[in-house]
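Visitor: Quick one: sequence and predicted model below, then my questions.
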Amino acid sequence: MRIRSYIMAMALLLTLAVSAGCHRRPLEEMNDGLYLDLTLDLEVLNHPGPIPTPELMRVIFYDAKTMEFVSDDYVEAEGGYIHCQPGKYRMVVYNFDTESTLIRNDRWQNTIEAYTSEIPYSTRTNLLTKLNSATRPADFVAPSEDELIVYEPDHLVVARKDVEVLHRTGEQIIYAEGESIVETYYLGVKLRNKGNLASAQALLSGQAKSNMFGFEGGRSIEPVILYFDMTAGINDRTGEDALQTTFNTFGKLPGEESHLWLTIVVTNTNGETITWHKDITDRFKDNPDKYIYIEEDEIVVPDPPAPPPGSGGGFHPEVEDWKEEHYDITI
């Protein structure tokens, strides 16, 4: 009996020991105590209000010496817990929810690149056909086959920082700040005969193809032509009718004296096209507002030809005056 009581007591002690050693831990404690605190500047000049808050941020750690990819993680816009072994790193953070801005070559810090894709072949063909058939200035030269015509980029919010992940028993917080590496410009041209406008597409040369954003100031030295649409509206400074838009760009070519040509293909309601063409290189220099408005060379949308008399069509029928005619009928 005494032996049986001893065995039951030992079993109870063992059960208590196991229960004390195993308890439910919150998921948050499963990380290694490394927290990224992100502050994002979402105010962009010429953008109507802040750019949308990113849905997801990718965090990449590169080796501080070799710049080789070590690991990556994902957090929300305000940051979150991340995982990385102790060591010295160069950290690059960017939003992972862009549509037109694409990322490639991310295995090295000095090669990670943001870029945009070329416009479809059908769009390019249709555009060049309009350019070749439209009334155009004498100094106009259509883009050659080897010149890239690309879409404008989405805003890419980027943070960079040299960090040291410590051996620790508690929590380590890394603070980082990010902002967009994409610029937004307002562009407008004074417009006449706004009611005749059907559509307008613009090409802007001399723009940087991409941004090697692993380091600050990583704009590509390879040029591309940006493609975007323009619409009729009212210029907010002059109150005049204007063909206008805001467009995004990685910026003009760094350190280059290349000319920036703006070409606008305008189609009127009758399907006729004209080409407006101008060198706007000087408009990009010393322009902290990134605001370009052109008044001196207005765009005049041609009137559609007047319909010939008697051709009102089904919606506007025209009937000639009745004429009396008399016939004898034999019965």
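Guide: Now that the structure is in, tell me what you want to look at. Given the structure is predicted, the values throughout are model-derived calculations rather than measurements. Numbers count the residues shown, from 1 in each chain.
Visitor: Return the distance of stretch 262-276 from the chain's centre.
Guide: Per CA atoms, centre = their mean, to the nearest Å, the displacement of stretch 262-276 from the mean C-alpha position of its chain is 25 Å.
Visitor: how about low-confidence regions in the chain?
Guide: Judged against pLDDT under 70, the low-scoring parts of the chain cover residues 1-32, 256-257, 307-331.
Visitor: Send me the longest strand that it contains as CSV with only the CA atoms.
Guide: When secondary structure is assigned using DSSP state E, the longest strand within the chain turns out to be strand 197-208. The C-alpha trace of strand 197-208 is given here as CSV (Å, rounded to 0.1, in the frame of the first residue of the first chain):
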residue,chain,number,x,y,z
LEU,A,197,-11.0,66.4,-79.5
ALA,A,198,-11.5,62.6,-79.5
SER,A,199,-8.1,61.4,-78.1
ALA,A,200,-4.5,62.4,-77.6
GLN,A,201,-1.4,60.2,-76.9
ALA,A,202,2.0,61.7,-75.9
LEU,A,203,5.6,60.5,-76.3
LEU,A,204,8.4,62.1,-74.3
SER,A,205,12.0,61.2,-75.2
GLY,A,206,15.2,61.6,-73.1
GLN,A,207,13.8,59.7,-70.0
ALA,A,208,15.8,57.3,-67.9
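Visitor: Beyond it, next helix or strand please.
Guide: Downstream of strand 197-208, the next assigned helix or strand under DSSP states H and E is strand 210-211.
Visitor: quick check: angle from the helix or strand that that next one is followed by to strand 197-208?
Guide: Scanning forward in sequence from strand 210-211, with DSSP H and E defining helices and strands, the next element found is strand 223-229. With axes from the mean of the first three to the mean of the last three CA atoms, to 10 degrees as the criterion, the two stretches strand 223-229 and strand 197-208 enclose an angle of 160 degrees.
Visitor: Can I get strand 223-229 in PDB, CA atoms only?
Guide: Included here for strand 223-229 are C-alpha records, laid out as PDB according to Å, rounded to 0.1, in the frame of the first residue of the first chain:
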ATOM      1  CA  PRO A 223      17.200  56.500 -72.700                       C
ATOM      2  CA  VAL A 224      13.600  55.500 -73.400                       C
ATOM      3  CA  ILE A 225      10.500  57.200 -74.700                       C
ATOM      4  CA  LEU A 226       7.600  57.500 -72.300                       C
ATOM      5  CA  TYR A 227       4.100  56.800 -73.500                       C
ATOM      6  CA  PHE A 228       1.000  58.300 -71.800                       C
ATOM      7  CA  ASP A 229      -2.500  59.700 -72.600                       C
END
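Visitor: residues in contact with whatever helix or strand comes next after that strand?
Guide: Following strand 223-229 in sequence order, the next helix or strand is strand 231-234 (DSSP H and E). Residues lying outside strand 231-234 but in contact with it, judged by CB atoms under 8 Å, 6 or more residues apart in numbering, are 191, 194, 197, 200, 240, 241, 242, 243, 244, 245. C-beta here means a position set from N, CA and C on the backbone, and glycine is covered the same way.
Visitor: Please repeat the previous calculation with a cut-off of 7 Å.
Guide: 191, 194, 197, 241, 242, 243, 244, 245 (CB atoms under 7 Å, 6 or more residues apart in numbering).
Visitor: so after it, what's the next helix or strand?
Guide: Counting by DSSP H and E, the element after strand 231-234 in chain order, helix or strand, is strand 241-249.
Visitor: Okay, now the sheet partners of that next one, with direction.
Guide: On the basis of DSSP bridges, the sheet neighbours of strand 241-249 come out as strand 183-192 (antiparallel), strand 231-234 (antiparallel).
Visitor: related to what we said a few turns ago, so what does the longest strand of the chain touch, helix or strand wise?
Guide: With contacts taken as 3 or more CB pairs under 7 Å, 6 or more residues apart in numbering; DSSP states H and E, strand 197-208 sits against strand 223-229, strand 261-268.
Visitor: Dig out what residue 208 forms beta bridges with.
Guide: Residues in a beta bridge with residue 208, per DSSP bridges, are residue 223.
Visitor: In this structure it contacts residue 217, no?
Guide: No. Assessed by CB atoms under 7 Å, residue 208 is found out of contact with residue 217, at 10.9 Å.
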